[in-house]
Every structure is written in structure tokens, then in C-alpha cells.
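In: could you look at this predicted model? Sequence included:
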Amino acid sequence: MDYIVRATAADGQVRAFASYTRDLTEKARSIHNTSPVVSAALGRLLTGAGMMGVMMKGDNDLLTLQVKGAGPVGGLTVTADSHGNVKGLADNPAAMMPPSKAGKLDVGGVIGPGFLTVIKDMGLKEPYNSQVMLQTSEIGDDLTYYFVTSEQTPSAVGLGVLMNKNNTVRHAGGFIVQLMPFAQESVIAALEEKVAQVTSVTKLLDEGYTPEKLLEFLLGDLGLEITDNIQTQFTCNCSKERVRDAIASIQKSDIREMIEDNKPIEVKCHFCNTNYVFDIDELKEML
């Protein structure tokens, strides 16, 4: 079962999130038939977005993370709401990349140099929109850089996806730890020391670390308090009704053309690959 834990430490000087996301990463892999390295890239972005989503306060708030790079995958797009629901896709799901020098999946290489765009739709007139340059294209480092430069929140982000030999997902998860503006020097130093000890999130996950145990490792000495446990899943909110509304909103002449072709039309959702078919009678109803 995939879930996110929310926590505080050091009397509220630190806030933290950690998650386990194997099932949702595997679902994304099976829907989009991603290569191992794209599975790792998309899984990391989905995991990060899930935790960033539950940071938002409003029931209808939506977060979008877009990564655009010069590497073979082209781009990744992920959306998350404040309830732990995420969905995402890759421009080129089959993109391949030789392993890195360390023999690991080369997420940074498959994405390449480029930009991360963060869009938050919180029901205001204009969505909040911020773009930063990718630092390593490994996603965790790039989200860390985003938090520091765009939200002025010193943060540590660790994300990892471990694949099985048969290309299914073995483990996925991560953490986001953030310092509040009033954090004391001693707390900052203690946290920096702990974060530096995490060389690989996937290694810890493979050793059986749960989200709680990850945060215990990072913040156990600082009075960790886990405050919330939220289910997280890959889920798409598309439906035949929503697709029908979208078709009905296009120009009447275009719908008439579709009817004259005398063939049912098929519309596919890019996020979940669901196909919606509308027959001639349904098209006539839209007119």
C-alpha cells in the first residue's frame, strides 16, 4: 500500500514528508510501457509531486510539475492534488540510455539539460508559475533547488526508484525535509549531517526502510512527531462525460464534419491511455 507520512521535528523548526510509492510507479510503468530508465525518472517525479501535493491546503488545489530536457525522453509531466492522487506521462516512454558510470539507471542523462516548471492552481485568478533551470536532471536535486530559489525554503529532497531484472518496479519512495525560517543553527547543522549520510534512497528502501523509518533516521534525534498518514495512488480523473464536454466545446462545423465522415471517433487520454469512443448519434446529440 502506497502512502505519505507528514511530520514535524525540533518543536516545529522542521517539517517533513516521506512516502512509499512502489504501486503507483508500477502502475505508471504498465500504463505507459516505459523503459527502465524512464520508469525511474517518472517514478521520482510522481513521488516528489505526491508529497508536494499534500503540502497544499485547499481541497481543489492542483500541482503540475513539468520537466523539459534535451535528453531522449524529451519531457515529463505530472499532476498531483492535495489528497495524494497523482498521474503523469513521458513524451518518449521508450527512451533508452546506457547505465551511468556507477552502473545505475542514468535519469540525468535521459532527461538532459533543461528546465523544471512548477504550476500551482489554487483557485486564484492566475495559477502560481515558477521555472528553474535543471541542476543535475536527477529530479531530487532539481526540486531541492526549486524550493530554495522559488519558495525560499531550504530543503532536502531524496527520491529513488529501484527496478527488478524483469523491468517491473521493486521499490519507489522518497522524502522532503524543510527548515522553517526560525530554525536554529544547531538544528540546521544536525539535519545537514544526517542528510549527508543518505547516499542512496533506493538502498534504504531495499533494506526495508518505511517512510516512518526514513524520517526516524533523518529526524529521530530532533524529536520527530508524525502527524498524518495519507494514501497516495496513480489515478486519472478523466471520464467519458469530461471528454464529451471537451468535444462539445469545439466549433459546430468541426462536429458536423465528424458526423459527415460517418465513422465513430476515438479520443485517448494521454495520462491513463483510456480510449473513449463516440458514435454518430452521440456526436449528433452534441450539436
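Out: Thanks, I have it.
In: contact partners for the closest residue to Asp11 other than its chain neighbours?
Out: Using Cβ to Cβ, 6 or more residues apart in numbering and skipping the chain neighbours, the partner closest in space to Asp11 is Gly223 (6.8 Å). Just so you know, the C-beta spots here come from the backbone N, C-alpha and C atoms, and that holds for glycine as well. Listed by Cβ atoms under 8 Å, 6 or more residues apart in numbering, the contact set of Gly223 reads Ala9, Ala10, Asp11.
In: parallel or antiparallel, list what pairs with the strand or helix carrying Val267.
Out: For Val267, the element it lies in under DSSP states H and E is strand 265-268. When pairing is defined by DSSP bridges, strand 265-268 lines up against strand 275-278 (antiparallel).
In: list the buried residues in the following helix or strand past the partner strand.
Out: Reading on from strand 275-278 to the C-terminus, the next helix or strand found by DSSP H and E is helix 280-286. With burial defined by 16 or more other Cβ atoms under 10 Å, the residues of helix 280-286 counted as buried are Leu283, Met286.
In: with only the CA atoms kept, save helix 280-286 in CSV.
Out: Output of helix 280-286 as CSV, limited to C-alpha atoms (Å, rounded to 0.1, in the frame of the first residue of the first chain):
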residue,chain,number,x,y,z
ILE,A,280,-22.6,9.2,-34.8
ASP,A,281,-25.7,9.5,-32.6
GLU,A,282,-23.6,10.8,-29.7
LEU,A,283,-22.0,13.4,-32.0
LYS,A,284,-25.4,14.5,-33.2
GLU,A,285,-26.6,14.9,-29.6
MET,A,286,-23.6,17.3,-29.0
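In: for the lengthiest helix in the chain, give the mean pLDDT please.
Out: Longest helix of the chain, by residue count under DSSP state H: helix 36-53. Averaged over helix 36-53, pLDDT sits at 98.
In: distance of the residue nearest to Val5 when sequence neighbours are not counted from Met163?
Out: Take Val5 and drop its neighbours on the chain: the residue closest to it by Cβ to Cβ, 6+ apart is Pro211, 4.5 Å away. Going from Pro211 to Met163 by Cβ to Cβ, to the nearest Å gives 20 Å.
In: okay, these two: which has more neighbours?
Out: Pro211 (26 against 22; other Cβ atoms under 10 Å).
In: that one reaches Tyr3, doesn't it?
Out: Yes. Between Pro211 and Tyr3 there is a contact at 6.8 Å, judged by Cβ atoms under 8 Å.
In: which elements pack onto the strand ranked longest in the chain?
Out: Across the chain, the longest stretch assigned as strand under DSSP state E is strand 169-179. Judged by 3 or more Cβ pairs under 8 Å, 6 or more residues apart in numbering; DSSP states H and E, strand 169-179 is in contact with strand 14-20, helix 22-32, helix 36-53, helix 140-150, strand 155-163, helix 185-197, helix 201-206, helix 211-219.
In: out of the ones you listed, which comes closest to Leu116?
Out: helix 140-150 (5.0 Å; Cβ to Cβ).
In: could you give the number of residues near Asn60?
Out: 11.
In: helix or strand: which one has it?
Out: Applying DSSP H and E, one finds Asn60 in no helix or strand.
In: surely it touches Gly123?
Out: Yes. The pair Asn60 / Gly123 is scored as a contact, 6.1 Å apart, by Cβ under 8 Å.
In: quick one: common contacting residues for those two?
Out: By Cβ under 8 Å, 6+ apart, no residue touches both Asn60 and Gly123.
In: span of stretch 93-102 from start to end?
Out: 23 Å (Cα to Cα, to the nearest Å).
In: repeat for stretch 239-254
Out: First-to-last residue span, stretch 239-254, Cα to Cα: 22 Å.
In: in that stretch, what's buried?
Out: Val243, Arg244, Ile247.
In: returning to that earlier point: list the buried ones in the strand holding Val267?
Out: Buried residues in strand 265-268 (16+ other Cβ under 10 Å): Ile265.
In: report the distance from it to the chain centre.
Out: 26 Å (Cα atoms, centre = their mean, to the nearest Å).
In: let's test this: mean pLDDT of it, rounded?
Out: 89.
In: what's that strand in contact with?
Out: Applying Cβ under 8 Å, 6+ apart, the contact partners of strand 265-268 are Val243, Ala246, Ile247, Met258, Thr274, Asn275, Tyr276, Val277, Phe278, Leu283.
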